[in-house]
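S.K.: task: produce atomic coordinates for the following.
(4 chains)
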Number of protein chains: 4
Amino acid sequence: MPDKPRHDDRLTLESLNSLDRDDFIACLGDVYEHSPWVAGAAFERKPFASVTALHAAMQAVVAEAPVDARLDLLRAHPDLAGKAAVAGELTADSSVEQASAGLDRLTAEEMARFQMLNGAYRTRYGFPFIMAVRHADKARILAAYEGRLGHEPATEIAAALAEVGKIAWMRLLAKIVPVPSGRLTTHVLCTATGRPAAGLPIDLFRIDADGVRRLLGHFVTNADGRLDAPALAGNELEPGVYEWLFEAGVYFARAGQATDAPPFLDRIPLRFAIANPEAHYHVPLLLSPWAYSTYRGS
Amino acid sequence: MPDKPRHDDRLTLESLNSLDRDDFIACLGDVYEHSPWVAGAAFERKPFASVTALHAAMQAVVAEAPVDARLDLLRAHPDLAGKAAVAGELTADSSVEQASAGLDRLTAEEMARFQMLNGAYRTRYGFPFIMAVRHADKARILAAYEGRLGHEPATEIAAALAEVGKIAWMRLLAKIVPVPSGRLTTHVLCTATGRPAAGLPIDLFRIDADGVRRLLGHFVTNADGRLDAPALAGNELEPGVYEWLFEAGVYFARAGQATDAPPFLDRIPLRFAIANPEAHYHVPLLLSPWAYSTYRGS
Amino acid sequence: MPDKPRHDDRLTLESLNSLDRDDFIACLGDVYEHSPWVAGAAFERKPFASVTALHAAMQAVVAEAPVDARLDLLRAHPDLAGKAAVAGELTADSSVEQASAGLDRLTAEEMARFQMLNGAYRTRYGFPFIMAVRHADKARILAAYEGRLGHEPATEIAAALAEVGKIAWMRLLAKIVPVPSGRLTTHVLCTATGRPAAGLPIDLFRIDADGVRRLLGHFVTNADGRLDAPALAGNELEPGVYEWLFEAGVYFARAGQATDAPPFLDRIPLRFAIANPEAHYHVPLLLSPWAYSTYRGS
Amino acid sequence: MPDKPRHDDRLTLESLNSLDRDDFIACLGDVYEHSPWVAGAAFERKPFASVTALHAAMQAVVAEAPVDARLDLLRAHPDLAGKAAVAGELTADSSVEQASAGLDRLTAEEMARFQMLNGAYRTRYGFPFIMAVRHADKARILAAYEGRLGHEPATEIAAALAEVGKIAWMRLLAKIVPVPSGRLTTHVLCTATGRPAAGLPIDLFRIDADGVRRLLGHFVTNADGRLDAPALAGNELEPGVYEWLFEAGVYFARAGQATDAPPFLDRIPLRFAIANPEAHYHVPLLLSPWAYSTYRGS
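M.R.: Residues are numbered from 1 along each chain as shown, chains lettered A, B, ... in the order given. Have a look, this model is predicted:
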């Protein structure tokens, strides 16, 4: 299943902003599981300049709702790999999301383990375990059960609502065309010499859900260690996993910097995900022949 | 061509240390190209406790030799992709090394470019361009020409002798069994919480010259964020390219740390090379959900 | 006011562990403000091997208490700079703590601002603003009001209980002698060369609450870039603010590493606090002539 | 002695560029010790758009000079703390520079040590030990002797010429008004949250040669974690030592980030030097409650 919906299936923000209340709820009512009241209250906050702003408005509706309404929202979710899934009674979104994480292909033993964890979780907190699983796998989901079962109830309510927010975000991106404000940039600085790393070749790959790597482009840093233009911009910036491959060995060879044979660092892969196609992702590299670091910059 | 010679072809240090002068030179005379005097002088510094110590002794012989002897050593090397290569007149070692970097399969145009660069280099410095190319490729070699042609002559003599030292190192490793003192370790610290990252799964791969990845082992960090034992030790530590794959997403899920969906950092590959199988390679990860760094530690 | 209580005023863990229930509560009943039930329940978890373990036990009592008991605990605290302070009705501990942060010397205008913020906070959450202020100042306290007034109620309850835990920690350290398991260590690695930074001089200072710096010792890194022994160990490790001063310029000069004049980095101060005298503080430096980083290690 | 010459004593680049050859040499002939030929050859490369460009041109003259001329340049320098100093026969520049480092106030024992090292160095390399000492002290100078006495002769010639270049740079800055292109900027990113650290107060100090700290300004980061304008710009950017003091504790309190009591990191001093007043110094902070790093950025 591709991460990228066909654009023509999605509504523009302009169209969304022009919907009347009923159509707005018809469109966004299922973004929060069985809880169209969130869309209903968000309608009052129109218009929305971006999917980011729309999501923030819907999250604010949830945050400002009474405690009981928030707990009801949590309780409206199905169990992961639970009876509803087995009986084919999930919402369409939930069904696709659980399948993405492989939860529709569990062994009997794995299924039993999930049932046991679901039971323990529900007993402890009074609502089902909720997790944005579209990009996760069994190891990540089991780790999350383990971690979250140790939470204080108040902490866990916040954690569960954060997952609800992530699920809503991904559902919104499947329905609404994001504005083309996003971009991906980088910058390479040599910390051994205190200078921008100029002339460093970089490949950019996209890593699909099935692990296939697609080369998206080839770049070379300019005199300031940057690219002359964003590596991706606007609607090229699809949510998903990417990888820079920095040809540090070429840079060190040209700069005449001493390295071992083979050099300790040569081709440096840097894997990261883009979650918000409307945002700026600055993913730089601080580099020496013996060390490097990276971070989400701004 | 595998990086790893069959061990039975190689001499132990014990055997090497017991050789008489003629056999010692017969064995190591071609470690420095057409310059058996280096082995001859190193013989006086027996015995050697490690290949590292043997290499240091041979490099000291070169460093302490008169300037003219050092220049003669440089001049004893063949051109890369030069006439000797074309005529099949390289030493056996040089022939294998140049083929490793693909220099035996150049197009006519590439061959012409190398000849031109060789000529420019030799004109500027009075000796041939020397580079430890076994782990390099055309892009790295061309980058090195470019960088080194800009050097001051004195700087370039030092750079060329450093490459001679790297070539000698790799030739020694093909002849002598290293002592099993080496080891590969790691340590994962979470900089968002100031605590060791416990329970983080890690895969270790070896990346062969042809790009094939082989899984060497699967590890999980202990309560101190370390492995209970080195990931590789002794003669498991072959020179070559390796990759850690840190399952940071599993750790964040268990620790309940907030991330995006998909998480900005999830599977973190960390590619590095081991050049000296007798050394300790500590290759740690400092990690937060939004940043990481690594370095050659101790 | 010194951070360090006179040791003879404090109980040893051995003595504490031998107290009967009434004496135990008499000793520790006021560690949680007006809430001796925490000490009472913690008594059942005797013996305690360290102040760290005692504090963890008391925090677990709070975490496992019913929601209402936890809210009562929060409500048992006085306002910062509130009416109780003005009327001299604070507990002895609270009085000292508020004075440490300068809250007993507010101008009328500042006092009015605190009253306003206290009111806004209490209205929003139903309990007083609580903060471990012993090491804070007005800027930090006002920043905390601002940040915490933006929290969801559930998040803010957790934040307030975390502050209660910090206050309890400092009150425990004033009553019980910690075990001498703590130590302060460092490690300097040169990321420009991939080697330990040997022979680097380091001064260690303690910075008192009044800003006075006292030199505690002078150290030099060994061949592995470490100190031969902890810089502080056991009861030398008092809670408070410390500063390493790394003489990186001396190291660069000896290593012959190129720098500017004056060098971009020369004397590198690294200021950090020790909160737990029973813990290991590893505070290393990753260093090049143009970059450095540090972290709480393990 | 202030680092900053009075501006009216210095020539503008416009004036310098209009000088005839004799006046140009009269002005800059002593920038390279007893070697006015450097200025003479640099005259041919007029005009100069900046002191940086002028210095680069003079350094290129040296780099392109015959080996013997370069060695003569090295030999034209006096010993540090040598006979010329004792006899009062230094050039005016050398005299001031050596006094800056305290070399005019050595004890007899220290003087003997310097003489011994000078002798050893001169015997090994055939020219005197040269070092840009204006910002150094005895510890740094002795460390440099130690490191540089271990060099290969070719390496040491390069190291000595690099010091000559630094001395020339500082002499040029004392004679010519730099262009006002320099600026000092910062950026604070929170690596625990992947967001710019907004609202973080920062003080900037200048640290004079005598250790006195002068507050130059108080700043607060904006929503992007940056300052709205450079902290210093143009002729405010004098060579010397500076210190940012980042009020991380205020930021953490406002952001509601969990810390210890006292917080591991609170006030973070970051000391660095500006060597080139025409350059951009970007000195950022990557920050979490448990780790930070900095680097010379671009």
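S.K.: tell me which other helices or strands the worst-scoring helix or strand of chain A on mean pLDDT touches.
M.R.: Every helix and strand in chain A was compared by mean pLDDT, DSSP states H and E; the lowest is helix A:83-86, with a mean of 78. Applying 3 or more C-beta pairs under 8 Å, 6 or more residues apart in numbering or on different chains; DSSP states H and E, we find helix A:83-86 packed against helix A:92-100. (Glycine included, C-beta is placed from N, CA and C.)
S.K.: summarise which helices and strands the helix it packs on is packed against.
M.R.: Helices and strands touching helix A:92-100, by 3+ C-beta pairs under 8 Å, 6+ apart, are helix A:83-86, helix A:153-173.
S.K.: just the C-alphas of that helix, formatted as PDB.
M.R.: What follows is helix A:92-100, C-alpha atoms only, in PDB (Å, rounded to 0.1, in the frame of the first residue of the first chain):
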ATOM      1  CA  ALA A  92     -12.300   1.200   7.200                       C
ATOM      2  CA  ASP A  93      -9.500   3.400   8.400                       C
ATOM      3  CA  SER A  94      -8.700   1.200  11.400                       C
ATOM      4  CA  SER A  95      -8.700  -1.800   9.200                       C
ATOM      5  CA  VAL A  96      -6.100  -0.400   6.800                       C
ATOM      6  CA  GLU A  97      -4.000   1.000   9.700                       C
ATOM      7  CA  GLN A  98      -3.900  -2.300  11.600                       C
ATOM      8  CA  ALA A  99      -3.000  -4.200   8.300                       C
ATOM      9  CA  SER A 100      -0.100  -1.800   7.700                       C
END
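S.K.: buried set for it?
M.R.: A:93-95, A:97-100 (16 or more other C-beta atoms under 10 Å in any protein chain shown).
S.K.: who touches that helix?
M.R.: For helix A:92-100, contacts defined as C-beta atoms under 8 Å, 6 or more residues apart in numbering or on different chains pick out A:1, A:30, A:33, A:77-78, A:80-81, A:84-85, A:90, A:104, A:132-135, A:167, A:170-171, A:209.
S.K.: next, the angle helix A:153-173 makes with it.
M.R.: Calculated by axes from the mean of the first three to the mean of the last three C-alpha atoms, to 10 degrees, helix A:92-100 forms an angle of 100 degrees with helix A:153-173.
S.K.: could you point out which element follows helix A:92-100?
M.R.: Counting by DSSP states H and E, the next helix or strand C-terminal to helix A:92-100 is helix A:108-125.
S.K.: before we move on, the earlier item: how about the least confident helix or strand of chain A as CSV, C-alpha atoms only?
M.R.: Output of helix A:83-86 as CSV, limited to C-alpha atoms (Å, rounded to 0.1, in the frame of the first residue of the first chain):
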residue,chain,number,x,y,z
LYS,A,83,-12.3,-9.1,18.4
ALA,A,84,-13.6,-6.4,16.1
ALA,A,85,-10.6,-7.0,13.8
VAL,A,86,-11.2,-10.7,13.8
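S.K.: how distant is that helix from the center of its chain?
M.R.: Distance of helix A:83-86 from its chain centroid, counting by C-alpha atoms, centre = their mean, to the nearest Å, is 26 Å.
S.K.: what does stretch A:129-140 give?
M.R.: Using C-alpha atoms, centre = their mean, the offset of stretch A:129-140 from its chain centre is 12 Å.
S.K.: ends of it, how far apart?
M.R.: This stretch, stretch A:129-140, spans 14 Å end to end (C-alpha to C-alpha, to the nearest Å).
S.K.: mind listing what's buried along that stretch?
M.R.: A:129-138, A:140.
S.K.: tell me which residues are up against that stretch.
M.R.: Outside stretch A:129-140, the residues touching it (C-beta under 8 Å, 6+ apart) are A:74, A:77, A:79-80, A:97-98, A:100-103, A:106, A:110, A:117-118, A:121-122, A:141, A:144-145, A:148, A:160, A:163-164, A:166-167, A:170, A:209, A:241, A:273, B:201, B:247, B:249-250, B:253, B:261-263, B:266.
S.K.: that's a strand at A:D23, yeah?
M.R.: No - secondary structure of A:D23 (DSSP: H, G, I helix; E, B strand; the rest coil): helix, not part of a strand.
S.K.: what's around it, how many residues?
M.R.: The local packing of A:D23 (other C-beta atoms under 10 Å in any protein chain shown) involves 13 other residues.
S.K.: as CSV, the helices and strands packed on helix A:92-100 with mean neighbour count would be great.
M.R.: Below are these laid out as CSV (neighbours: other C-beta atoms under 10 Å in any protein chain shown):
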stretch, mean neighbour count
helix A:83-86, 16
helix A:153-173, 20
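S.K.: out of those, which gets the lowest mean score?
M.R.: Sorting those by mean pLDDT places helix A:83-86 lowest, at a mean of 78.
S.K.: before we move on, back to that, what sits up against the least confident helix or strand of chain A?
M.R.: A:78-79, A:89-90, A:94-95, A:98, A:103-104.
S.K.: what's the neighbour count on the closest residue to A:A198 other than its chain neighbours?
M.R.: Take A:A198 and drop its neighbours on the chain: the residue closest to it by C-beta to C-beta, 6 or more residues apart in numbering or on different chains is A:A223, 5.0 Å away. Residues lying near A:A223 (other C-beta under 10 Å) number 10.
S.K.: contact partners for A:E89?
M.R.: A:E89 neighbours (C-beta under 8 Å, 6+ apart): A:78, A:83.
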